[in-house]
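Starting from these lines, generate the structure:
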Amino acid sequence: METLEAGACLPNDLDDALLVGRVWRPAPVDGPCVVVVRGGQVFDVTAAAPVTADLFDREDPVAFAREAPGEALGPACRLVADSLPGSRAPARPRLLAPCDVQAIKACGVTFIASLMERLIEERIGGSASQAGELRETLQRILGTDLGEVRPGTPAARRLKEELTRRKLWSPYLEVGIGEDAEVFTKAQPMSAVGFGSDVGVLPGSDWNNPEAEIVLVADRRGRVVGATLGNDVNLRDMEGRSALLLGKAKDNNASCAIGPFVRLLDERYTMDSVRDAPLTLSIEGEQDAFALRDAGSMREIARDPLDLVAQTCGPQHQYPDGFVLFLGTMFAPVQDRGAAGEGFTHRLGDRVAIGSPGLGMLVNTVRLSTEIDPWAFGVRSLYRNLLARGVLA
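Numbers count the residues shown, from 1 in each chain. Here you go, the predicted model:
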């Protein structure tokens, strides 16, 4: 595998980026801590913001992150280096997912590429061997039409009528070009893993892939305060058998990765930066010489990110602890890894790297969900830990 440098996993303008994260600090602290990165240096601000939700809920989280006193933990590059797969040292702090008590929500089928792959999964019942032929057929029938249609418009409604006539309508097309977006619960609060951790797939899955996404971070009012990177690990064979198996396909031990940090929105990184953000996906095999690299842009998204936020939170649904929102993936890896026409699936030991220049790079290694350490540190464990450390009054 290619050697990863810690600096490449951080924003390309690190000195100007205002970042928020979480780290596990070993003894004598022995617990999770909220940190901010300013000028490339890491500061523990847990005494003023015991959980990240407290920081994001402040009237001006940017001002707080710039001014809050905190214990210096050294350069961000060193923290990232100590968190890389294979480089972890028990005596050194390591990165955790940069969210804690927030709900973890996700939007699906927001890019045409992922819409096409969901249609394929559905029509072949999760059998990867039939994917290549059907992909060519659907692209020939639908590719041009779908690429020109914006969700919820009169053109989308006309296309729906035509596809219904052709007996090609699907629940995935409904959320892909209809008025309502797909918004689902990806994982439980405190269950996401962070930079450098293992991500998990179920032992019975023979067709699965990473889903590289930008993730928005919102406070309890639904105000977007930052952005980060996410891997919405997906079991394609499971979801392809039935859309009602979405929960089993998406929510398993370590199947949600977020990080490395949340970049706060400010004058240097704005919502327009998110809308224009490039995104890269790299997969390297440990068991074989497989390598996949792909690139895309948030400009390809079918719905505006703030529309997805409004469909998640508002008069219809509140999140008093805030939420993080996966915006959907533009990548659907189809490069053959085994038999011709069967496309891509993970093998154990794969290293997945998801990057965007302004947000850094999220790096994880693929293992079985049943063999990764069980998720045992939940919300109650968090608050017990904070109480025992005297952080909470």
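
so where's the stretch 51-200 of the chain shaky on pLDDT?
113-114, 121, 124-135, 137-148 (pLDDT under 70).

where do the helices sit along the stretch 51-200 of the chain?
Counting by DSSP state H, counting those that start in this stretch, residue ranges of the helices within the stretch 51-200 of the chain are 52-56, 61-67, 76-83, 112-124, 131-147, 154-165, 171-177.

most packed of those helices?
Comparing the helices of the stretch 51-200 of the chain by mean neighbour count (mean count of other Cβ atoms under 10 Å), helix 52-56 ranks first with a mean of 24. Every C-beta, even on glycine, is put in place using the N, C-alpha and C of the backbone.

With distance to residue 197 as new columns, can the helices of the stretch 51-200 of the chain be given to me in a markdown table?
As requested, those are exported to a markdown table (distance: least, Cβ to Cβ, whole Å):
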| stretch | distance to residue 197 |
| --- | --- |
| helix 52-56 | 17 |
| helix 61-67 | 24 |
| helix 76-83 | 8 |
| helix 112-124 | 24 |
| helix 131-147 | 30 |
| helix 154-165 | 39 |
| helix 171-177 | 30 |
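
is it true that residue 344 touches residue 336?
Yes - checked against Cβ atoms under 8 Å, the pair residue 344 and residue 336 is within contact range at 7.4 Å.

Contacts only, for the residue nearest to residue 177 when sequence neighbours are not counted.
Of all residues not flanking residue 177 in the chain, residue 156 sits nearest, at 4.3 Å (Cβ to Cβ, 6 or more residues apart in numbering). Residue 156 makes contact with 149, 150, 177, 178, according to Cβ atoms under 8 Å, 6 or more residues apart in numbering.

Using neighbour counts, trim these to the buried set.
With burial judged by 16 or more other Cβ atoms under 10 Å, the buried subset of those is 149, 177, 178.

any idea how far residue 326 is from the last one?
The reference is to residue 178. From residue 178 across to residue 326, the span is 19 Å (Cβ to Cβ, to the nearest Å).

Not counting residues beside it along the chain, what's closest to the residue most central in space within the chain?
For the chain, the residue nearest the mean C-alpha position is residue 230 (1.8 Å; Cα atoms, centre = their mean). Spatial nearest neighbour of residue 230, chain neighbours left out: residue 215 (4.1 Å); criterion: Cβ to Cβ, 6+ apart.

mind checking the SS state of residue 221?
Three-state assignment for residue 221 (DSSP: H, G, I helix; E, B strand; the rest coil): coil.

Could you give the number of residues near it?
Residues within reach of residue 221, counting by other Cβ atoms under 10 Å, total 12.

Figure out which of the helices of the stretch 51-200 of the chain is closest to residue 268.
Closest of the helices of the stretch 51-200 of the chain to residue 268 is helix 61-67, at 10.2 Å (criterion: Cβ to Cβ).

Output the closest one as PDB, nothing but the C-alphas.
Listed next in PDB are the C-alpha coordinates belonging to helix 61-67 (Å, rounded to 0.1, in the frame of the first residue of the first chain):
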ATOM      1  CA  PRO A  61     -19.100  28.700  17.700                       C
ATOM      2  CA  VAL A  62     -16.400  30.200  15.500                       C
ATOM      3  CA  ALA A  63     -15.600  32.900  18.100                       C
ATOM      4  CA  PHE A  64     -15.600  30.300  20.800                       C
ATOM      5  CA  ALA A  65     -13.200  28.000  18.900                       C
ATOM      6  CA  ARG A  66     -10.900  30.900  18.200                       C
ATOM      7  CA  GLU A  67     -10.800  32.300  21.700                       C
END
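
name the helices or strands packed onto that helix?
strand 31-38, helix 52-56, strand 256-264 (3 or more Cβ pairs under 8 Å, 6 or more residues apart in numbering; DSSP states H and E).

Thought residue 382 was touching residue 392, still the case?
No - applying Cβ under 8 Å, one finds residue 392 not in contact with residue 382, separated by 10.2 Å.

Compare these two and say which is more crowded by neighbours.
residue 382 (18 against 12).

Which pLDDT value belongs to that one?
Per-residue confidence at residue 382 stands at 98 (pLDDT).

Go ahead and confirm it touches residue 101.
Yes - contact status for residue 382 versus residue 101: in contact at 7.3 Å, counting by Cβ under 8 Å.

what do those two both touch?
By Cβ under 8 Å, 6+ apart, the residues touching both residue 382 and residue 101 are 51, 190.

picking up where we left off before, what would the buried ones among the contacts of residue 156 look like in TSV with distance to residue 220?
Below are these laid out as TSV (distance: Cβ to Cβ, whole Å):
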residue	distance to residue 220
149	35
177	32
178	29
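
with those in mind, which one is nearest to residue 51?
Nearest to residue 51 among those is residue 178, at 36.5 Å by Cβ to Cβ.

Against residue 72, how distant is the residue sitting furthest away from the middle of the chain?
Largest separation from the mean C-alpha position in the chain: residue 165, at 36.3 Å (Cα atoms, centre = their mean). Distance from residue 165 to residue 72, counting by Cβ to Cβ: 66 Å.

out of everything not next to it in sequence, what's closest to residue 1?
residue 284 (4.8 Å).

Could you do residue 366 as well?
Leaving aside its chain neighbours, residue 366 sits nearest to residue 350 (4.2 Å; criterion: Cβ to Cβ, 6+ apart).

Could you tell me how many residues sit around that neighbour?
25.

what residues are up against it?
Counted by Cβ under 8 Å, 6+ apart, residue 350 has contacts 283, 284, 285, 286, 290, 365, 366.

give me that answer again for 6 Å
283, 285, 366 (Cβ atoms under 6 Å, 6 or more residues apart in numbering).

first to last residue in stretch 106-115, what's the distance?
15 Å (Cα to Cα, to the nearest Å).

Residue 187 reaches residue 106, doesn't it?
No - Residue 187 lies out of contact with residue 106 (Cβ atoms under 6 Å); the separation is 8.5 Å.

Can you give the domain ranges for the chain?
6-110+181-387, 112-177 (automatic domain parsing).

Quick check: which of the ones you listed is buried the most?
It is domain 6-110+181-387: most buried of those by mean count of other Cβ under 10 Å, with a mean of 20.
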